[in-house]
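>>> coordinates only, no sequence provided:
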């Protein structure tokens, strides 16, 4: 009995049973809405996670000097370790299998000022290698010049890459490239302007490491080492590498190879593995919660279907007495249920998508200061793939209907006389 | 028109209850029959079997020479729809449909178009004096009005048989008389009618009274009331 007239029946039944209609619809719409908002929020977190690590090379290891925490061979604990040129050579020599490049950074002491004409700005100045960009995310836009390159290193050029914020102060007309600025008493040629994610007041300017060393070195102390690695693709390989590396450096500086605080090893790869793991856990958690939300929606729908069918048993009895076949009643119930769940599922979906778009508008790409110059995006593009939204809605409609089918079939099978006698 | 042969029916709710113990009965077309008996005598069960609302265990039931036995639900629904009109004690109107929609419902299951069945429903409501009440919901109608709506609904599919289960059971005496007058008039137009009642006044208005006792027909009484006023 598939015909247009059934809509008239459904319409009149829904119109006269507003509360029931509303409750069914609400449980569907709410389930879908929550699911989409939840998935959207989860996606926001995951996207932010991805964004944070996207422009950092995984195959870099940074070495920072530390302080011993164990006494060793008559040397007291609490001794400061300073990295030096020997560490650099050791890294190059002893680990040729895994290290392709060793570079270093060196911060210029004092508080240098960048000066151009009458304008000046305070800035940290650091000598770096070209691969510094692998560990410190920054962007140099088109027409904004370049970063330190190998020629600068080889020739100890007096070139400088300044931060966009410093540029605004000393070159308000945005014509920094090619100009010569003074750092302290020495002139540097501006070759690039970079942007970073931070917003600290004192932005670092970068000069070639070799230049910094030639001009400012006190002894051969190095701030930190940046190792570019190859072939370290597993957690075990990384751990083994770190262990033997620590041993070599410890031998040079005479501290216990098991003393973890002698030098600090910041391995991007293990970092990355952790990030990946966290992301997976987050993803799984979101889906588990999502599926349970969906299931509670399905339970809600089938529960209301159950009540509806029970409540309508007498009506079905009357209809049967008047000549309704069991299939026509089943069809009536199912069509009605599909109709309600579809309409309200759609409403929930639209509202959910609207809510995620609103989240995106309000909180998307917002950065939060984690203290100092560390800025973190915790929410980025918190939206849901529309296919996921549609599939979730369809799942709820189908599952809700199937769940309602069983009580409906049971009700339809009751003998008309029993249905008529039910209250 | 109706031919019952040794109908037996037992209910199995806990202890088996043998309700009908071999009913043999013939009812001709156009008869106005009442079934009387104490509660538990099996009169409602008999009516339900006649109305194909319930099944029976043994025996044969022919309606219009069709054996009504072990029918599928779909088939029996079809027979009920085309051959039988029901009038219940508690009216059994669908609460969320107005009077007209309730009356038109049997035609919905005959695939009659909405427009046509509403026109017909209005016609029948008019015949029962309820034209102005067509748009009212059942809970806005009095008992007598509800029963008249139910009668209109029973008539609209133009069945050959009307079954009424205590049609006046929920009505006051004055309304009961009115309803019986209507049934009498419908019967006057040639409709076969069977009424289950425990009210002697109602039974007295019919042409044949079947007395049921403990699941068997005790006696059949023929009423002659030529001077009956309609």
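Ah, there it is. Just so you know, these numbers come straight off a predicted model, no measurement behind them.

>>> mean confidence for the helix or strand hosting residue A:226?
If you go by DSSP states H and E, residue A:226 is part of strand A:224-229. Mean per-residue pLDDT for strand A:224-229: 86.

>>> contacting residues around stretch A:69-78?
Residues outside stretch A:69-78 that contact it (CB atoms under 8 Å, 6 or more residues apart in numbering or on different chains) are A:67-68, A:254-256, A:258-262. Using the backbone N, CA and C atoms, a C-beta is placed for each residue, glycine as well.

>>> which of the residues you listed sit farthest apart?
Put simply, by CB to CB the two of those set farthest apart are A:254 and A:260, 16.1 Å from each other.

>>> and the residue of chain B closest to chain A?
residue B:81 (2.3 Å; CB to the nearest CB).

>>> how many residues are close by that residue?
When counting by other CB atoms under 10 Å in any protein chain shown, one arrives at 22 neighbours for residue B:81.

>>> do residue A:96 as well
If you count neighbours by other CB under 10 Å, residue A:96 ends up with 9.

>>> just residue A:108 next, same as before
Counted with other CB under 10 Å, residue A:108 comes out at 19.

>>> contact partners for it?
So residue A:108 contacts A:124-127, A:183, A:212, A:216 (CB under 8 Å, 6+ apart).

>>> thinking again about what came up before, which one of the contacts of stretch A:69-78 sits closest to chain B?
Nearest to chain B among the contacts of stretch A:69-78, with distances taken as CB to the nearest CB, is residue A:260, at 76.2 Å.

>>> quick one: pLDDT of that closest one?
In this model, residue A:260 carries a pLDDT of 83.

>>> ok so it is a helix residue?
No - for residue A:260, which was evaluated using DSSP: H, G, I helix; E, B strand; the rest coil, the result is coil, with no helix membership.

>>> can you pull the buried residues of the next helix or strand after the strand holding residue A:226?
With elements assigned by DSSP H and E, the helix or strand that comes after strand A:224-229 is helix A:235-253. Across helix A:235-253, burial judged by 16 or more other CB atoms under 10 Å in any protein chain shown covers A:238, A:241-242, A:245-246, A:248-250, A:253.

>>> do the same with stretch B:20-37
Quick answer for stretch B:20-37 (16+ other CB under 10 Å): B:20, B:23, B:25, B:27, B:31-37.

>>> show me what the strand holding residue A:226 is packed against.
Judged by 3 or more CB pairs under 8 Å, 6 or more residues apart in numbering or on different chains; DSSP states H and E, strand A:224-229 is in contact with strand A:60-65, helix A:85-94, strand A:99-107.

>>> how about CSV for these, with distance to chain B, mean pLDDT and mean neighbour count added?
Compiled in CSV, these are given as follows (distance: least, CB to the nearest CB, whole Å; pLDDT from 0 to 100; neighbours: other CB atoms under 10 Å in any protein chain shown):
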stretch, distance to chain B, mean pLDDT, mean neighbour count
strand A:60-65, 72, 87, 20
helix A:85-94, 84, 82, 16
strand A:99-107, 79, 85, 20
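
>>> shouldn't residue A:302 be in contact with residue A:403?
Yes - using CB atoms under 8 Å, residue A:302 is in contact with residue A:403, at 3.0 Å.

>>> low-confidence ranges in chain B?
B:225-230 (pLDDT under 70).

>>> which residues sit in contact with the closest residue to chain B within chain A?
Closest contact between chain A and chain B, by CB to the nearest CB, is at residue A:323 (2.3 Å). Shown in contact with residue A:323 (CB under 8 Å, 6+ apart): B:77-78, B:80-82, B:106, B:109-110, B:157.

>>> for the residues you listed, pick the one with the most neighbours.
Neighbour count (other CB under 10 Å) singles out residue B:106 as the most crowded of these, with 29 neighbours.

>>> would that residue count as being in a strand?
No - with three-state DSSP as the criterion, residue B:106 is helix rather than part of a strand.

>>> would you convert the helices and strands packed on strand A:224-229 into JSON lines that also reports distance to residue A:169?
Output for the helices and strands packed on strand A:224-229, formatted as JSON lines (distance: least, CB to CB, whole Å):
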{"stretch": "strand A:60-65", "distance to residue A:169": "30"}
{"stretch": "helix A:85-94", "distance to residue A:169": "35"}
{"stretch": "strand A:99-107", "distance to residue A:169": "21"}
